[in-house]
Each structure stands twice: as C-alpha cells, then as structure tokens.
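Colleague: quick one, structure for this:
(one chain, ligands or ions: 2)
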Amino acid sequence: MNRSEIMLKKILIAADGSETSMRAAKMAVGIGKTTGALVTAVYVVDVQRLAQLPGYASMPGLKDNLMELMFKEGGEALEEIEDMARDAGVAYERVIAEGDPGEELLKLCRDPGFDLIVLGTIGKSGLARFLIGSVAEKVVRHSHVPVLVVPVKDKE
Ligand SMILES: Nc1ncnc2c1ncn2[C@@H]1O[C@H](COP(=O)(O)OP(=O)(O)OP(=O)(O)O)[C@@H](O)[C@H]1O
Ligand SMILES: [Mg+2]
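Modeller: Ligands and ions are numbered 1, 2, ... in the order given. Presented below is the predicted three-dimensional model:
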C-alpha cells in the first residue's frame, strides 16, 4: 500500500429518517463508490426517549404503537439508502438497533469495527438554534474512528 493511501473497508451511516441524514447517506454512498468500501446503514429505535413522553406509562398500547412507527420509519430510511447504494453499485447492509442512539452508534463503531462513521449535524428534532444535535455531538466527542458530519445544506 502506498504510504499516502488510506484503507476504507467499512463505512457506517447513521440514519434517523431526517433530510440531513439522507444527505449524509448520499455522501457515505459516494465515498463507498470511490473506495469500494461496504456501507452499513443503521437506524436506532430510541426507546428511552419514548419513555419520557407524557402519558407513556398510563396509556396501554402507546409504547407498542410508537415502537411500530419507529421501526417503520427506520425501515423506510434504510430502504431508501439501499436504493442509493444499489444505483451506485455499492455493497450494502442494514441494521436496526434499539437503545440510546449515541451509545448504540459508538458501540457499532467499535464492534464489529468501522473505519468511518457518517452522520448529519442535525436530525429529526432539527432545532436550528443548535449547531449540532445531541446524538451527533456525543459521537463526535467519543468516537475512536473518524467522523464525517454533514451539514443541512451546501453553502452557497
Ligand atoms: N435514532 C438514530 N438512529 C440513527 N442515527 C441517528 C439517530 N438519531 C440521530 N442520528 C444521526 O445523528 C444526526 C444528528 O441527529 P441528532 O439527533 O444529533 O440531532 P437532532 O435530532 O436535531 O437533535 P436532538 O436529537 O439532540 O434533539 C442525524 O442526522 C443522524 O445522522
Ligand atoms: Mg435526534
């Protein structure tokens, strides 16, 4: 291997269904195409956030309904990225995890071991007053692999 070359074998893309994460996915697939890396998209079902909703404990069935919606949202996002990867001829794999999104993403980076993680600056909450969302911030702070954080829009 040439000394200036880097090896990218596995790229992790964090997808929460937001437009920004889809921009990030496009970038990840593009990098996969150039490097020949496998692209894995992951959606994390955020169970803890559900538990903080008002009425969560008192309304039977609410949890199941919301979980179902999240699995559906995840499935759709991961399928959209699968289409992108197929069009680009990039090897693709999908994962749905459950738990705290930041923790799960960091865990996945360690084991089975990714070379790069790609995510958006903001996600579903997308509060413009924050520069970067809490999940993205956690990953940037604690990741042991390079992190590519894709902004909302290109600068004009
Ligand atoms: N549940 C999730 N599963 C997979 N990736 C996620 C998830 N949540 C966030 N991400 C990734 O992190 C990026 C930033 O989202 P983040 O959640 O940090 O911001 P936010 O939703 O705007 O704010 P917050 O969640 O802190 O209220 C998203 O574009 C996506 O790439
Ligand atoms: Mg979020």
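
Colleague: and the residue of this structure closest to ligand 2?
Modeller: Closest residue of the chain to ligand 2, C-beta to the ion: G123 (3.6 Å). Every residue, glycine included, has its C-beta placed from N, CA and C.

Colleague: count of neighbours near S125?
Modeller: If you count neighbours by other C-beta atoms under 10 Å, S125 ends up with 12.

Colleague: and it, what does it touch?
Modeller: Shown in contact with S125 (C-beta atoms under 8 Å, 6 or more residues apart in numbering): G133.

Colleague: now swap in the one 10 residues further on and tell me
Modeller: Residues in contact with V135, defined by C-beta under 8 Å, 6+ apart, are A14, D16, P101, G102, L105, L119, G123.

Colleague: now with 10 Å?
Modeller: 14, 16, 21, 44, 46, 100-105, 119-120, 122-125 (C-beta atoms under 10 Å, 6 or more residues apart in numbering).

Colleague: what's the PyMOL syntax to select whichever of those residues are buried?
Modeller: Per 16 or more other C-beta atoms under 10 Å, the buried members of the contacts of V135 correspond to this PyMOL selection:
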select buried, resi 14+16+21+44+46+100+101+102+103+104+105+119+120+122+123
